[in-house]
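Visitor: Sequence and predicted structure below; questions after.
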Amino acid sequence: MRVFQDRLISIEDRETFTDMVKEITKDRFKKEWDTLVKVKPLLFGSFVPLVYPEGDTTKKPYQDIYCELYDIEKVKKYANEGLSDYNSAFPFKKMNLVLFSSAIEHVIKVHRIITTEFGHALLIGVGGSGRKSLTELSIFIAKFGSF
């Protein structure tokens, strides 16, 4: 889904792709998609530590492990902490953003793309839609610098 669906631009195409994945999952693996995917939308990333040694949540989680982001509240918390840290680090260019779920999804996607070797993307949208701000936040969370 991250390779193909993220590149589709229309909602209809994305839904058709999702339906195809559900059908193939049922046909090949004999499992219903909804029994496998508990949290929707299905998101993967590496900036939220959700993998623990031996699955023991009392231990310190591993850092920078690419995994399914199943704990949406923790993802929101990390994204908002990243925004707060950005605003503290750059008080002269503070970003007053509301990180709703769609914005957080875009931060996760941009973060994944820029932390992948040779990762690239073309962000398209109308002016004021948040492309630059969400990219700046993703760059900051990834501990990269922008120019």
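Guide: Great, that's in hand.
Visitor: confidence score at Ala142?
Guide: According to the predicted model, the pLDDT of Ala142 comes to 90.
Visitor: List the contacts of the residue positioned nearest the centre of the chain.
Guide: The residue lying closest to the centre of the chain (CA atoms, centre = their mean) is Ile108, at 2.2 Å. For Ile108, the set of contacting residues under the criterion of CB atoms under 8 Å, 6 or more residues apart in numbering consists of 43-45, 47, 69, 75. Every residue, glycine included, has its C-beta placed from N, CA and C.
Visitor: among these, which are in helices?
Guide: The helices in this structure, assigned by DSSP state H, contain Val75 from the contacts of Ile108.
Visitor: And the contacts of Ile108, which is closest to Leu137?
Guide: Proximity to Leu137 was ranked across these by CB to CB; first place goes to Phe47, at 10.8 Å.
Visitor: quick one, phi/psi of Glu105?
Guide: Phi and psi for Glu105, reported as degrees, to the nearest 10, are phi -60, psi -40.
Visitor: helices and strands around the helix or strand encompassing Lys77, which ones?
Guide: Using DSSP states H and E, Lys77 sits in helix 72-89. Secondary-structure packing of helix 72-89 (3 or more CB pairs under 8 Å, 6 or more residues apart in numbering; DSSP states H and E): helix 101-115, helix 131-141.
Visitor: Take those and write them to TSV, including distance to Val21.
Guide: Converted to TSV, the helices and strands packed on helix 72-89 look like this (distance: least, CB to CB, whole Å):
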stretch	distance to Val21
helix 101-115	18
helix 131-141	26
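Visitor: and Lys93, which of the ones you listed is closest to it?
Guide: When those are ranked by proximity to Lys93, the top entry is helix 131-141, at 8.5 Å, counting by CB to CB.
Visitor: shaky segments in the protein?
Guide: Low-confidence segments of the chain, defined by pLDDT under 70, are absent; every residue clears the threshold.
Visitor: again, only this time at 90
Guide: 1-11, 33-72, 74, 93, 98, 101-102, 105, 109, 112-132, 143-147 (pLDDT under 90).
Visitor: What is the burial count for Ser101?
Guide: Taking other CB atoms under 10 Å as the neighbour definition, Ser101 ends up with a count of 13.
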